[in-house]
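# how does the following fold in three dimensions:
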Amino acid sequence: MGQQLARSTLETPPLPSPKGRLGEPEQMLQWARRAYAEWSRDLITVYWLALALYENSLWQEAISHSDTILQWDFRNLAYGPHGDGADYAWQLISDCNAVKGLSLLALNRPEGRQYLQKYLQRAREQTSWFSRAYIRRRLQQG
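You can find the predicted model right below:
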């Protein structure tokens, strides 16, 4: 029951803007931290927290929460108790690669580029928080 509530609540973010252009990133972070306190095992919750941390320039924490998802076994990520199929898992992995890569670049760590390249290999822009054009621009900027 709590799992279903978490998923339905988190699939409808309280902020109106998709594609990483948040009007109020602080509000998103407060919301994501509250959700994480309740549903820390839910992968969407972990992802939203990583994204909110990134949007608030808390890059080390964003990397840590992205790594939580990136370190999962794909099969368990897709079909385990918190999974929702292969497409879901690949998109979660792609977006976590973007969050981690962008955070690493913000910390002046060049290895962030490899994570952004991974994002570009698999991401489906229509379901991703980030646009491919934005990621390409970030790669060009270094």
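# stretch 77-97: how far from the chain's middle?
11 Å (C-alpha atoms, centre = their mean, to the nearest Å).
# give me the buried positions along it.
Within stretch 77-97, the residues scored as buried using 16 or more other C-beta atoms under 10 Å are 77-78, 82-84, 88-97. Glycine gets a C-beta too; all of them are placed from N, C-alpha and C.
# can you name the element that comes right after the least confident helix or strand in the chain by mean pLDDT?
Lowest on mean pLDDT, DSSP states H and E among the helices and strands of the chain sits helix 2-10, with a mean of 42. Toward the C-terminal end, the helix or strand that comes next after helix 2-10 (DSSP states H and E) is helix 25-38.
# next, the residue lying closest to Leu43 once chain neighbours are set aside: secondary structure please.
Nearest residue to Leu43, sequence neighbours excluded (C-beta to C-beta, 6 or more residues apart in numbering): His82, at 4.9 Å. Secondary structure, DSSP: H, G, I helix; E, B strand; the rest coil: His82 is coil.
# ok, His82 touching Asp42?
Yes. His82 lies in contact with Asp42 (C-beta atoms under 8 Å); the separation is 5.8 Å.
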